[in-house]
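Chemist: please find the sequence and the predicted model below.
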Amino acid sequence: MAKNTLEIFKETQITYKGSNPDLKINLIEEDENKIDVEVSINIKRHQFEDNCIVSFQPYNNRGAALKPMIMGTVGELNKEDKNVFKYSVEINKDDARFRLLVSKVGKFKKSNVNRLVGKAEIRNFFEDETEKSEKKYDSLLSTREDDIGAIFKLDMAPQRVPWLILKKGCRIKYNLDHNVDPVMKTLIYTSVVRDIVKTYLIDENYSDCIFKDKWFQLISKKLSLPVKEFPENLIDFEPTQIDREALLWIEQVVETMVSSLADRNGLTLIQKFKNFSQKNSLGVDEENEEY
Amino acid sequence: MKIRRFTDNGRQKFVLLYNQIKASVINKKSIEKGFTKNLKAQVKNLLDDKSLSEETGIKEEIEFKNFNNSFEFGEYLNNKLKEKSFSSIAYDGNLWDWLSLYYFDIVFHPKARGYSEHRYILSEDWFTRNRHLVRTPWYIVNIYGKNGKLFLAKETYTGTDYLEQFISHRISENYTKFAEIAFNLYFDKKNNEPKPGFSKKFVKRNKQKTLIKGSLGRLVDKLNQYNEIYDIWEMKVTDIIQLLPKEFNELKEH
């Protein structure tokens, strides 16, 4: 019996930072809802075939992607040492993200397909440098500031990392990022982790979410419990009711993930909470303390 | 009437009034009984009190009328708001909630099956933001054009499952041709209505979670897969539909 053979390959990464990157995006002008960018590209070194198509797509982190703009074929772009394009994009600077794709036209069965051969995903282009330098690992909970009514809120969506949104202008993000106030951190993270775990357990919209998998893998590691033994079967979905055992399990997860979270000195967050509260009640000058 | 937007104080008053309406509906167990004459009068007073809203500068005027479905409503609003850029109004809760109040009688209807505040008060949360019964029809028509018919085929006071399932996946925003593919597969052009039975990825049958073949959720799976290996933006919708596996065959139009 005939079988289809699939050729699996990884597309070439187009660089956009470091020395001499393939792609450079400069912000020329900005106003509240629009940015003008200058994009320069030179991808000669990758030796893509001349007929490959290069497209550039801005997208809004909080909304829909814009239609990709064709920069030309690789052959056309390779005629010059540097190609510069100017685009006016109707996206707020902080929400702007970009994608550059190089694709090769071909066939799969009866369909014409554009196989990806090169790619760049620019997700944090306009993030300030201090934030970038602190991000040394892939976080499973992103924090950002916004003008919200409450002090904090959780914003979740399938296929993206959960966001902890913190009220702008209150220094809460700074305090969390720099471990200034373990009481605040404990309270916020306890609430947020509980909600994340509950949502992943009961909301079917997350059934195929890769971040649910990542969270569950981490919880599995921390609790030494296989994911298949997580209490999804203790939840009745019509209407949604969580069994008492499942609730106890969620509390156990919260305790392990937040309260027992230890720093490099082995000090847990709950211990820091206690220390902080005691010192605070004794009138110790907290500004001179390190956490 | 000129299109207006709430002042912050006006919006707060609307939120408080809606909470009262919701409490009354829960108490009386129906919109018909709970939305009392007194509450109706308060809705009218809030709309008439010009100190609680401000002008938007939009030249087009709107009128109160009924629409056959949310799609027609979305087309109407999109046309009336076209002078404004997407990003200048998309997250303006004061505008959308004022429009909610203006069109309250067609979005808060005795036949409505839900009364969540997210339907009338724009939520900041990504997940519930799209339940707004005024902003979402505009958003869908603005972004997806005529393909939005699939998601807005019902009355102005109803949110549909196709919409809920479509909008809850990030790819609906990152790859807007998704709506065109979905419209091609799931909209019955002959009868001018969505094909039933394909909006949910899973249903419960005999207490078992059962996968619906060819469903919208399965289309999401396939598009996410293609997005990893193809530049799906550059591909024709017909080519992508042709790529879909056999489980979609009965939905493809030959």
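Modeler: Structure received. Small disclaimer: the values here were computed from a predicted structure and weren't measured. Numbering: from 1, shown residues only, chains lettered A, B, ... in the order given.

Chemist: so, low pLDDT: which residues of the stretch 151-291 of chain A?
Modeler: Low-confidence segments of the stretch 151-291 of chain A, defined by pLDDT under 70: A:178-179, A:232-242, A:260-266, A:273-274, A:276-291.

Chemist: go again using 90 as the cut-off
Modeler: Along the stretch 151-291 of chain A, segments meeting pLDDT under 90 span A:151-161, A:163-195, A:197-291.

Chemist: would you map the helices across it?
Modeler: Secondary structure of the stretch 151-291 of chain A (DSSP state H, counting those that start in this stretch): helices located at A:172-177, A:182-202, A:210-223, A:244-254, A:269-281.

Chemist: look up the closest residue to residue B:83, ignoring the ones flanking it.
Modeler: Nearest residue to residue B:83, sequence neighbours excluded (CB to CB, 6 or more residues apart in numbering or on different chains): residue B:58, at 5.6 Å. Every residue, glycine included, has its C-beta placed from N, CA and C.

Chemist: list the contacts of that neighbour.
Modeler: Applying CB atoms under 8 Å, 6 or more residues apart in numbering or on different chains, one finds that residue B:58 lies in contact with B:2, B:3, B:80, B:81, B:83, B:84.

Chemist: I'd like the helices of the stretch 151-291 of chain A as CSV, with distance to residue B:234 and mean neighbour count appended.
Modeler: Listed next are the helices of the stretch 151-291 of chain A as CSV, based on distance: least, CB to CB, whole Å; neighbours: other CB atoms under 10 Å in any protein chain shown:
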stretch, distance to residue B:234, mean neighbour count
helix A:172-177, 39, 17
helix A:182-202, 34, 19
helix A:210-223, 25, 16
helix A:244-254, 43, 16
helix A:269-281, 48, 15
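
Chemist: Throw those into a markdown table and include distance to chain B, thanks.
Modeler: Shown next, in a markdown table, are the helices of the stretch 151-291 of chain A (distance: least, CB to the nearest CB, whole Å):
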| stretch | distance to chain B |
| --- | --- |
| helix A:172-177 | 16 |
| helix A:182-202 | 9 |
| helix A:210-223 | 9 |
| helix A:244-254 | 17 |
| helix A:269-281 | 27 |
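
Chemist: nearest to residue B:105, out of the ones you listed?
Modeler: When these are compared by CB to CB, helix A:182-202 sits nearest residue B:105, at 34.7 Å.

Chemist: circling back to that earlier point, how far away is the residue nearest to residue B:83 from residue B:109?
Modeler: 26 Å (CB to CB, to the nearest Å).

Chemist: what of residue B:210?
Modeler: For residue B:210, the distance to residue B:109 (CB to CB) stands at 34 Å.

Chemist: of the two, who's got more company?
Modeler: Higher neighbour count among residue B:210 and residue B:109: residue B:109, with 17 against 12, using other CB atoms under 10 Å in any protein chain shown.

Chemist: nearest spatial neighbour of the more buried one, skipping sequence neighbours?
Modeler: residue B:157 (3.9 Å).

Chemist: repeat that for residue B:175.
Modeler: With sequence-adjacent residues excluded and distances taken as CB to CB, 6+ apart, residue B:175 is closest to residue B:232, at 6.2 Å.

Chemist: residue B:77 now?
Modeler: Take residue B:77 and drop its neighbours on the chain: the residue closest to it by CB to CB, 6+ apart is residue B:138, 4.2 Å away.

Chemist: ok, that neighbour - contacts?
Modeler: Residue B:138 is in contact with B:74, B:77, B:78, B:81, counting by CB under 8 Å, 6+ apart.

Chemist: which of the residues you listed fall in helices?
Modeler: Those of these mapping onto helices are B:74, B:77, B:78, per DSSP state H.

Chemist: PyMOL command for the buried members of those residues?
Modeler: This is how PyMOL selects the buried members of the ones in helices among the contacts of residue B:138, with burial counted by 16 or more other CB atoms under 10 Å in any protein chain shown:
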select buried, chain B and resi 74+77+78
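
Chemist: report the contact partners of residue 123.
Modeler: By default, I'm working from chain A. By CB under 8 Å, 6+ apart, the neighbours of residue A:123 are A:61, A:97.

Chemist: not quite, I wanted chain B
Modeler: Contacts for residue B:123 (CB under 8 Å, 6+ apart) come out as B:129, B:131, B:132.

Chemist: could you list the low-confidence segments of the stretch 101-250 of chain B?
Modeler: B:113-115, B:124-129, B:167-176, B:202-210, B:224-225, B:227-229.

Chemist: what residue in it comes nearest to chain A?
Modeler: Using CB to the nearest CB, the closest approach of the stretch 101-250 of chain B to chain A is made by residue B:231 at 3.6 Å.
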